[in-house]
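Asker: This is the structure alone, sequence omitted:
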């Protein structure tokens, strides 16, 4: 039976409301122009200093991202020092030498080099003999650029709003026109009957006087058959909705609780293409997919302390995201300035989204490793989720249906060789579903 | 038509003028209803602004609010590690090899941990000496999560930090300079600890070390030491024995440290028409006696004579039948030559020496004296001197480690008083037990699963103990304390490693040793030895002969043999609900100890055992007296097979300190342990009162039915299988056909030829009834503990029980013959009287054990009657039980011919009425996360460890390989140390279980019912051959 989902009702209502709001909103995309002028201004200010230091900023940026960004940030200490304005701090030739082989300089006893080396916990900087002086100039040109003032995100809000309202308006016009036509028709009908009556009266046509009829409701009650049919119908309808309501009790499809840290799967799995198993590594070998421990987060976030400006959306600003990363640092006890762990840990208390009841045994590795099912099959397009939610109903019927439809991946798995041969002979099929392999037996999941 | 009869309630109503009747007519209630009490004083009531209407509004609102709030699901939090340890993957178990050495049980074990919590103990299959993994060892994981453990060190009853503790120890030791301090410890059998104690006693020369075994093997140690030089116990490999004669030695129990059942069982399985012959002379019915081919009940004083007769003396003075049995046993021993072995449990140095001499003279291959066992060290004479010293005041200070003398010393009243007056009393203890609660200073020690350690269980076999969890409480190992106090900055781990690299490992890998849990090494490691008792080497001059010297029969006394029960042992784990609820293999009684007595003696005393209306067993009480010592109100249990004139009582019960109220069961037998001799002369005095036993088996005999099949070796070897293991026949069209034939079948069977088809084989020859499987099943499957009163109501939840049957005649075979011989209702051969007789076990019955769990019938009667299809069959042979589907009609339990289904009458977790481990956060840590904890109102039963078979299959699928035979295990088959239980896939024709299934001893339980179980048994064969 079809599951009636009342959760969607509320979202549908809110969508309607939104649409209504948008129809009355009259904002024009006036901001677009001002945003455009801002960007041109920024572009011109970009170009100016680059010319001064005699290097190609664009080439420098590429080189910087390829070679330096792992350890250096422009404005912030990382493994190595912040590099903005480094060209003015040191002599250019000294820099060439340092970048090409810093260890040699330290060994030779260059006081400035030794001091720098010691200041950064004796961490050895990779030598870059492959970089030419021009390359280095380019990089330095890039690092010499003045710090950009981050632009407020362009008013995409109004832009989308505008287009949305456009849609709403056109729809409304059509609807309004239709309603008008309908009204006109009604009025015309009324007028026509009136006229006809008048004509009839004028022509002296008599129509039989209507006998006073029993009111419709009395007639209804008197017709016992109709009463019976109606009440049966009503009961059935009530039963149908009741069943639907009952069946969704305890089904938390769409459950998207507020998490202590706003973790965006969209940014990680979507925009940055991080493999699901990179963080949820135990899904391959364990029954649980495992919420990654914070040291897994830190393997990337040691270096990624902020999001790129283009990551920000109208809903979530860059500041918002950066603050969330700070929450991670606080939980794991990472001091960004010192680049060291403080030892003060505050484990994150995530709110569990997928709550399978205790009496059902589910094993991730069975599905991920053995069956090779994509995570998205059950968890939905996670790479598009800004906020993680329960995509599937996780009901037994849902499990069973999949077990009935899905073929077991047997190729190349020696475990299945003999069983497959015999079973496929028995059922006379080449492919076997999970159900045929015993995937519908109660005890396989309930123990 | 209405009747005008008058009904009256009492004679009073007949009296018309009765005032009573009048008041009753006038007042509805006999007594005034105390309305004022609940309405309170009028003033407050009137002053209150809440009207009745308001009140109803509030009620309505709160009800609505509560129901609305209930609609919302709970928010579940998930907290990942901040820094995950490399070795932990949530949801995947890790196994660590370690060693238990608590002074009573010594064994190499594997510990299964989940998310860093130990949840189960398994046998270490690598170890050759893994046989000590008994029920107590399996249950020891729950003792780790004991709520009553000490949480921090105490000084004068107050919790202090370890630094403060060390400071007060240093101060105390200074004060005690020159005064006699005794370090009274358990047996550690640890090379490193031994070295460390030597260093400690070297630093504090006024400290002397005395080893105290709560249950002593001192006489055997003395005898061995006098003969072979080192203080150890001869080891026995019973698998090599052809004839075993035991005089009072329960070697399948805890005799000399136990752990012999594996070797014994190997020799008991008939192979090439041969199996060992086992003759047992004993007073209590023990596990060994129950497994023996021939058991002769004799009193301890007779045992001494028997031993003399067996080793060359005369059998004169013994009753004729016993003398005959002795001479036959002697002849068999002689015939077996070097393949024979004689063992004894008599607490007598001379007796022990006689046995060693006898085995040595025969050149017995069974006895191993070159590599003896080191698991007992205690010297009773030395311990007695300590006891006397403390009582007399010559010993000024006492440091106890792992022992509880205030509870377990025989003279414990006088000792308790003297102990409180000591200048210094320091107890190293896991719990605030009887001793620790009186000690000035208590050093909280960790459980063995939280500790480092090394053990030399047997000469040349070194084992390592490693922590499997970070200490739960603020505890410190005894050894670490010693290191600290001797000014050593190392921790004990480094200390062990140093000892091992320098001597034990001999260049071998430490990591490998730690991985395996043990290493075989020829290294000689010096261990401190107590001096042997040189005196008492002749039987007659012995002073510690106790009851043995004089027959107790003079003066109407009884000879008491003190023993340890399979479940509780020396009582260290008395606060362990699994062990408390584990039924004793012999008496099938849980939650108690009791005086076992023969039926004849019970009759003489006038003490009775009876089954009350709900089937539960009740018994009387006696006071047990022994020169000045009285143990009051000991419940009496009539024990078939108990030698007349002897009684038995188990140690380990009657604890009251650091143990929760539910677990304070039984009586303390240690006051009767005079001179640490397990045999005593006592007198009994009947006292009033009825004791309620929690006995799980109400019917003790099979009454000749076909439940356990048994035959003799001779018949097994010579006769056709049809004669001793016939498949039952049914009649079809007036023709006899075997019940297994498809024609006799009501059902369409599954096609099970594809995939796995699991079967469990249980060899009744190898099963000794030790009960390790029962506890392993508890641990694996989260089986709840229900408590004594529920067990009395037959509501025990054991998924696996070990049925014990007594024969009503001299053997089970004769029972069957007797039943077959019945004709008619009345008369000499009448079934009416005959069946009545068959219900009573014989005075010296034959005993047989049979583990019974869900038989996983292919044609399961339970499945067809379930109205909601909560129980159904899997293609792999398992009978599935979906708890969430069960509505609790209990039809299935009623329709089960094996009575293996268990109903959850109550919620056994998080329920204060059942205050066992599932009712506290600590205890729940032992639960297996892969198995659901059942709720009230559902049926449960053995699942054939489907979680384990599923895991094995998944592992194979993930690795892309077929499953190897040994991989499939259930908790019980993995725990079975005797090889009685074999589990596997019978579709794999190479598998062990397939071979077992094809064996001619194979039969199914109640095969004639036609249930086609997937559990099968193997007929018990007894070696009844006399010479």
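Answerer: That came through fine. Owing to the predicted nature of the structure, the values given are computational and were not obtained by experimental measurement.

Asker: Helix or strand: which one has the spatially closest residue to residue B:115 that is not a sequence neighbour?
Answerer: With CB to CB, 6 or more residues apart in numbering or on different chains as the criterion, residue B:115 has its nearest non-adjacent residue at 5.8 Å, and that residue is residue B:90. All C-beta spots, glycine's among them, are computed from the backbone N, C-alpha and C. Under DSSP states H and E, no helix or strand contains residue B:90.

Asker: which ones are touching residue B:90?
Answerer: For residue B:90, the contacting residues are A:282, A:286, A:288, A:290, B:115, by CB atoms under 8 Å, 6 or more residues apart in numbering or on different chains.

Asker: Near the closest residue to the first one other than its chain neighbours, how many residues? Count them for me, please.
Answerer: Nearest-residue entry for residue A:282: residue A:290, 3.6 Å, with adjacent residues in sequence omitted and distances by CB to CB, 6+ apart. Applying other CB atoms under 10 Å in any protein chain shown, we find 24 residues neighbouring residue A:290.

Asker: burial count for the residue of the stretch 51-200 of chain A found nearest chain B?
Answerer: Nearest residue of the stretch 51-200 of chain A to chain B, counting by CB to the nearest CB: residue A:79, 19.5 Å away. Residues contacting residue A:79 under the criterion other CB under 10 Å number 15.

Asker: And for residue B:176?
Answerer: As a burial measure, residue B:176 scores 17 neighbours (other CB under 10 Å).

Asker: helix/strand/coil for residue A:197?
Answerer: Taking DSSP: H, G, I helix; E, B strand; the rest coil as the rule, one finds residue A:197 in the helix state.

Asker: so what pLDDT did it get?
Answerer: Residue A:197 carries a pLDDT value of 88.

Asker: Same question for residue A:353.
Answerer: Reported pLDDT for residue A:353: 92.

Asker: can you pull the pLDDT of the residue nearest to residue B:115?
Answerer: pLDDT, residue B:90: 90.

Asker: Enumerate every residue touching the residue nearest to residue A:282.
Answerer: A:280-283, B:80, B:89-91.

Asker: what two of the residues you listed are the furthest from one another?
Answerer: Farthest-apart pair in the contacts of residue A:290 is A:283 and B:80; separation 13.7 Å (CB to CB).

Asker: more neighbours, the two?
Answerer: Neighbours per residue, other CB under 10 Å: of residue A:283 and residue B:80, the larger number sits with residue A:283, 21 against 18.

Asker: Pull the contacting residues for the closest residue to residue B:392 other than its chain neighbours.
Answerer: Spatial nearest neighbour of residue B:392, excluding adjacent residues (CB to CB, 6+ apart): residue B:418 at 8.0 Å. Residue B:418 is in contact with B:390-393, counting by CB under 8 Å, 6+ apart.

Asker: just the buried members of these?
Answerer: B:390-391 (16 or more other CB atoms under 10 Å in any protein chain shown).

Asker: My read is that residue B:131 contacts residue B:264, right?
Answerer: No: using CB atoms under 8 Å, residue B:131 makes no contact with residue B:264, being 9.1 Å away.

Asker: Who has more neighbours out of those two?
Answerer: Neighbours per residue (other CB under 10 Å) separate residue B:131 from residue B:264, with residue B:264 holding more: 24 against 21.

Asker: How about the secondary structure of the more buried one?
Answerer: Following three-state DSSP, the label given to residue B:264 is helix.

Asker: what's the domain layout of chain A?
Answerer: Annotated domains of chain A cover A:41-143, A:265-392, A:395-447 [automatic domain parsing].

Asker: The last one and chain B, any residue contact?
Answerer: Yes: using CB under 8 Å from any CB of the partner chain, domain A:395-447 reaches chain B at A:412-419, A:422-423, A:426, A:437-438, A:441-444, A:446-447.

Asker: List of residues touching stretch B:949-957?
Answerer: A:361, A:363, A:365-366, A:370, A:413, A:415-416, A:444, A:447, B:756, B:758, B:876, B:878, B:930, B:962-963, B:967-970.

Asker: And it, how far out from the chain middle?
Answerer: 31 Å (CA atoms, centre = their mean, to the nearest Å).

Asker: Stretch A:237-253 too?
Answerer: Put simply, stretch A:237-253 sits 29 Å off its chain's centre (CA atoms, centre = their mean).

Asker: now the chain, which segments are flagged as low pLDDT?
Answerer: Looking at chain A here, since you left the chain open. Along chain A, the parts satisfying pLDDT under 70 run over A:1-54, A:148-169.

Asker: Wait, chain B was what I had in mind.
Answerer: Counting by pLDDT under 70, the low-confidence segments of chain B come to B:1-3, B:8, B:28, B:30, B:35-42, B:44-45, B:70-72, B:129-130, B:526, B:528-556.

Asker: tell me the domain ranges of it?
Answerer: Using automatic domain parsing, chain B is parsed into the domains B:233-370, B:561-695, B:710-807+B:842-1022.

Asker: Of those domains, which is nearest residue B:206?
Answerer: Of the domains of chain B, nearest to residue B:206 by CB to CB is domain B:561-695, at 25.7 Å.

Asker: Quick one: end-to-end distance for that closest one.
Answerer: End-to-end distance for domain B:561-695: 22 Å, by CA to CA, to the nearest Å.

Asker: try stretch A:85-100
Answerer: Note: stretch A:85-100 ends 19 Å apart using CA to CA.

Asker: got it, and stretch B:621-631?
Answerer: End-to-end distance for stretch B:621-631, by CA to CA: 11 Å.

Asker: in it, what counts as buried?
Answerer: Of the residues in stretch B:621-631, B:621-622, B:624-626, B:629, B:631 count as buried by neighbour count, 16+ other CB under 10 Å.

Asker: Please render the residues you listed as a markdown table that adds distance to residue A:355 and secondary structure to the earlier fields.
Answerer: Formatted as a markdown table, the buried residues of stretch B:621-631 follow (distance: CB to CB, whole Å; DSSP: H, G, I helix; E, B strand; the rest coil):
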| residue | distance to residue A:355 | secondary structure |
| --- | --- | --- |
| B:621 | 54 | strand |
| B:622 | 58 | strand |
| B:624 | 58 | strand |
| B:625 | 63 | strand |
| B:626 | 62 | strand |
| B:629 | 60 | strand |
| B:631 | 55 | strand |
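
Asker: hmm, back to that, narrow the contacts of stretch B:949-957 to those in helices?
Answerer: A:365, A:415-416, A:444 (DSSP state H).

Asker: Dump the residues you listed into TSV; add distance to residue B:726 and neighbour count as well.
Answerer: Converted to TSV, those look like this (distance: CB to CB, whole Å; neighbours: other CB atoms under 10 Å in any protein chain shown):
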residue	distance to residue B:726	neighbour count
A:365	48	23
A:415	40	20
A:416	41	21
A:444	38	21
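
Asker: export these to TSV and tack on distance to residue B:1019?
Answerer: TSV is the format used below for the ones in helices among the contacts of stretch B:949-957 (distance: CB to CB, whole Å):
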residue	distance to residue B:1019
A:365	43
A:415	36
A:416	38
A:444	34
